[in-house]
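>>> Sequence and predicted structure below; questions after.
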Amino acid sequence: KNQVEQSPQSLIILEGKNCTLQCNYTVSPFSNLRWYKQDTGRGPVSLTIMTFSENTKSNGRYTATLDADTKQSSLHITASQLSDSASYICVVSKQTGANNLFFGTGTRLTVIP
Amino acid sequence: DTEVTQTPKHLVMGMTNKKSLKCEQHMGHRAMYWYKQKAKKPPELMFVYSYEKLSINESVPSRFSPECPNSSLLNLHLHALQPEDSALYLCASSQLGTRVDTQYFGPGTRLTVL
């Protein structure tokens, strides 16, 4: 069964601290994995995308890693800011078909001053 | 232009009303999607249009009727909705035909059914 699981469900950190979000998946055959940031009531915005051959990708203070062998990914946020408060969703694509996205349930991050 | 736009931002309607949600993109994308998202849940796929033809309908009730007038526009017609249909409705588009097909999401329409 194609599934994407994220942990933790929610996380509260102090401004300026780092944090790491986790994503495990069983989607096969794997095509790519993306991390999206979604502010409450808004559409998701893509942060990073990684294919099978890529094991790390950075976008500013966001760094994603991918281990295709263990089917795990992480999103590391450095020097967190209040504006980082949002839901972070891991989305894994299968290789075929237009309906090939599998969404995780997200991690709700709250950054407090 | 790397933006997907959606109108309206908010919509409140009664169960007997007929309304439409609109989505537009000018990135030359050939696939467009409608998702429904309830609070604290991931988006759920409703419909996919590929090359202006409906390619996927995820068993969505007929009170939701999609329409793709051209490759840049996607509508979702609403009729006789139920209060449980209240949600954030997201539109997305993607290029298709590429090795890595990224979906770009619009800001969503917050729908409340009274």
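Good, I have the coordinates. Numbering: from 1, shown residues only, chains lettered A, B, ... in the order given.

>>> What ranges does the chain have for its strands?
Picked chain A for this. A:4-7, A:10-14, A:19-25, A:30-38, A:45-51, A:56-59, A:62-67, A:72-77, A:86-94, A:101-103, A:107-112 (DSSP state E).

>>> Hmm, no, I was thinking of chain B.
Under DSSP E, chain B gives strands at B:4-7, B:10-13, B:18-25, B:31-37, B:44-50, B:53-57, B:64-70, B:73-79, B:87-94, B:104-105, B:109-113.

>>> Tell me which of these sits nearest to A:Gly43.
strand B:104-105 (3.7 Å; C-beta to C-beta). Every C-beta, even on glycine, is put in place using the N, C-alpha and C of the backbone.

>>> what's the closest one in contact with?
Strand B:104-105 is contacted from outside by A:36, A:43-46, B:2-4, B:25, B:27, B:29, B:35, B:90-94, using C-beta atoms under 8 Å, 6 or more residues apart in numbering or on different chains.

>>> now with 7 Å?
For strand B:104-105, contacts defined as C-beta atoms under 7 Å, 6 or more residues apart in numbering or on different chains pick out A:43-44, B:2, B:4, B:90, B:92-94.

>>> and if you look at stretch A:20-31?
Taking C-beta under 7 Å, 6+ apart as the rule, stretch A:20-31 contacts A:1-7, A:52, A:68, A:71-76, A:88, A:90, A:92-95, A:102, A:104, A:107.

>>> Now list the buried members of the residues you listed.
A:4, A:6, A:68, A:71, A:73-75, A:88, A:90, A:92-94, A:102, A:104, A:107 (16 or more other C-beta atoms under 10 Å in any protein chain shown).

>>> with those in mind, which one is nearest to chain B?
A:Gly104 (6.5 Å; C-beta to the nearest C-beta).
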